[in-house]
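J.: Model the structure of this input:
(one chain, ligands or ions: 2)
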Amino acid sequence: MKDLTILAIETSCDETSVAVVRNGREVLANTISTQIALHEQYGGVVPEIASRMHVEKINLVIKEALKTAGLALDDIDVVGVTYGPGLVGALLVGVMAAKSIAFAKSKPLVGVHHIEGHIAANYIAHPELEPPFLCLVVSGGHTHLVHVKDYTTYEIMGRTRDDAAGEAYDKVARAMSLSYPGGPKIDKLAKEGNKEAIKFPRAMQDGSYDFSFSGLKSAVLNYINGCKMKDEPINVADVAAAFQASVTDVLVGKTLQLAEEKNIPKIALAGGVAANQGLREAMQKACDEKGKKLYYPELILCTDNAAMIGCAAYYEYLKGTRADMSLNAVPNLPI
Ligand code: KG4
Ligand code: ZN
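T.: Ligands and ions are numbered 1, 2, ... in the order given. So this is what the prediction gives:
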């Protein structure tokens with residue numbers, strides 16, 4: 001089969017990213033312009049600022065990605081773009097850019113689900129990986145246990161009933177006066193803390209595969225407020241370690257329980273929280289004990305990037321998925 005080169009665009013949140021991906025798994029460029037420093041001062045992503053920054057950066061990032069790949073727009077076979085879920089104004093910038101290129105160059109256009117992209121990051125990191133497998137998708141907006149049946153067929157086996165895992169990390173970090181995004185900071189602090197020092201609840205031990213993190217978040221906030229009221233010092237490293245242990249216990253416990261029940265030998269991690277060292281280690285240990293094979297992408301492919309979108313777009317393209325000029329941003333797109 002002839003090589004297929006995809007230009008992929010991702011602008012669903014606070015990263016303007018453009019990638020060039022060949023045959024789904026070979027990344028020729030993965031350019032990421034992050035807005036983190038800009039949003040940090042507000043304690044989280046400000047949607048209006050995110051959209052404006054995407055508008056400012058998108059053309060530059062497209063040019064940079066093509067330059068890195070050593071290609072011109074005419075060398076591209078297909079344009080892939082995240083069209084949901086995400087911030088509507090942010091998504092629109094990517095969708096408009098993708099539609100413009102597809103229209104001007106008469107190239108096929110493929111709309112990609114952001115979560116499908118996160119899952120596909122594992123194919124880039126592990127060329128030998130093929131479905132079926134079980135994927136724990138943990139990001140700022142999602143906590144899903146997904147049975148990946150083939151490259152484009154998914155069954156959601158469990159989901160969060162309230163906060164996403166990354167959202168819980170960011171909110172707890174904020175309560176500890178750590179800047180956005182809080183996940184990596186808590187991860188780092190947790191290494192220095194004692195996870196046994198404080199006992200936070202393990203949520204949803206009811207046999208279901210759904211998750212809930214709002215109770216844990218409240219427990220941590222109550223603990224911090226209690227210390228402040230009693231004028232007691234807060235050991236932030238212990239809080240981070242105990243919080244992280246509670247999150248990981250539940251994520252690892254439910255994932256392994258489901259993998260055992262369904263007899264699925266392969267487990268993958270995806271999404272921003274898959275960058276978490278504590279989660280990676282705990283999941284690896286549990287997988288080793290149960291004889292499961294664990295996959296996770298390198299750090300840069302865990303958080304938002306367009307290479308993963310290019311990979312997912314490839315498999316959607318092979319299936320026959322095509323979008324036309326009516327493609328729109330869908331902020332709450334279901335998987
Ligand atoms: O996948 P992502 O880049 O964006 C969304 O699609 O949401 O995920 C961002 C989330 C943030 O909540 C961030 O705090 C979290 O991933 N995160 C982490 C780590 N690195 C990023 N959470 C825990 N530990 C980390 N090392
Ligand atoms: Zn994401």
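J.: residues near whatever residue of the stretch 201-335 of the chain ends up closest to ligand 1, how many?
T.: Closest to ligand 1 within the stretch 201-335 of the chain is residue 272: 2.1 Å, counting by Cβ to the nearest ligand atom. All C-beta atoms are positioned from the backbone trio N, CA, C, and that covers glycine. With neighbours defined by other Cβ atoms under 10 Å, the count for residue 272 comes to 26.
J.: give me every residue that touches it.
T.: 138, 139, 140, 166, 181, 183, 302, 303, 304 (Cβ atoms under 8 Å, 6 or more residues apart in numbering).
J.: Apply 7 Å and report the result again.
T.: 139, 140, 166, 183, 302, 303 (Cβ atoms under 7 Å, 6 or more residues apart in numbering).
J.: and which of these is nearest to residue 127?
T.: residue 302 (17.5 Å; Cβ to Cβ).
J.: Residue numbers of the stretch 101-250 of the chain in contact with ligand 2?
T.: residue 139 (Cβ under 5 Å from the ion).
J.: Spatially nearest residue to the closest residue to ligand 1 within the stretch 101-250 of the chain, not counting backbone neighbours?
T.: Relative to ligand 1, the nearest point of the stretch 101-250 of the chain is residue 183 (2.1 Å; Cβ to the nearest ligand atom). In space, and not counting its chain neighbours, residue 183 is closest to residue 169: 4.1 Å by Cβ to Cβ, 6 or more residues apart in numbering.
J.: Also residue 133?
T.: The nearest residue in space to residue 133 (Cβ to Cβ, 6+ apart) is residue 266, at 3.7 Å.
J.: in the sheet, who's paired with that neighbour?
T.: residue 293 (DSSP bridges).
J.: now the one 4 residues further on
T.: Judged by DSSP bridges, the bridge partners of residue 270 are residue 137.
J.: packing partners for the helix or strand of the chain with the lowest mean pLDDT?
T.: Lowest on mean pLDDT, DSSP states H and E among the helices and strands of the chain sits helix 36-40, with a mean of 89. When contacts are defined as 3 or more Cβ pairs under 7 Å, 6 or more residues apart in numbering; DSSP states H and E, helix 36-40 sits against helix 47-69.
J.: contacting residues around the helix it packs on?
T.: 11, 13-14, 16-20, 28-29, 31, 33, 35, 38-39, 72-73, 87, 89-90, 93, 97.
J.: Show the subsequent helix or strand relative to it.
T.: strand 78-84 (DSSP states H and E).
J.: Next secondary structure element downstream of that next one?
T.: helix 88-104.
J.: Return the set of buried residues in the next helix or strand after that following helix.
T.: On the C-terminal side of helix 88-104, the closest following helix or strand by DSSP H and E is strand 109-113. Using 16 or more other Cβ atoms under 10 Å as the test for burial, strand 109-113 gives 109, 110, 111, 112, 113.
J.: repeat for stretch 303-320
T.: 303-317.
J.: Identify those among those that sit within helices.
T.: The helices, defined by DSSP state H, take in 307, 308, 309, 310, 311, 312, 313, 314, 315, 316, 317 from these.
J.: Grab the nearest non-local neighbour of the residue nearest the centre of the chain.
T.: Nearest residue to the geometric centre of the chain (Cα atoms, centre = their mean): residue 271, 2.4 Å. With sequence-adjacent residues excluded and distances taken as Cβ to Cβ, 6+ apart, residue 271 is closest to residue 139, at 3.3 Å.
J.: again with residue 209
T.: Here the residue nearest residue 209, using Cβ to Cβ, 6+ apart, is residue 158, at 2.9 Å.
J.: what does the one helix or strand residue 31 maps to contact?
T.: Per DSSP H and E, residue 31 falls inside strand 26-34. With contacts defined as Cβ under 7 Å, 6+ apart, strand 26-34 is touched by 14-22, 57, 61, 64-65, 68-69, 124, 305-307.
J.: Let me see the ranges of the helices in the stretch 151-300 of the chain.
T.: Counting by DSSP state H, counting those that start in this stretch, the segments of the stretch 151-300 of the chain that form helices are 165-175, 182-192, 214-229, 236-261, 277-290, 299-302.
J.: Neighbours of the residue nearest to residue 133, how many?
T.: For residue 266, using other Cβ under 10 Å, the count is 20.
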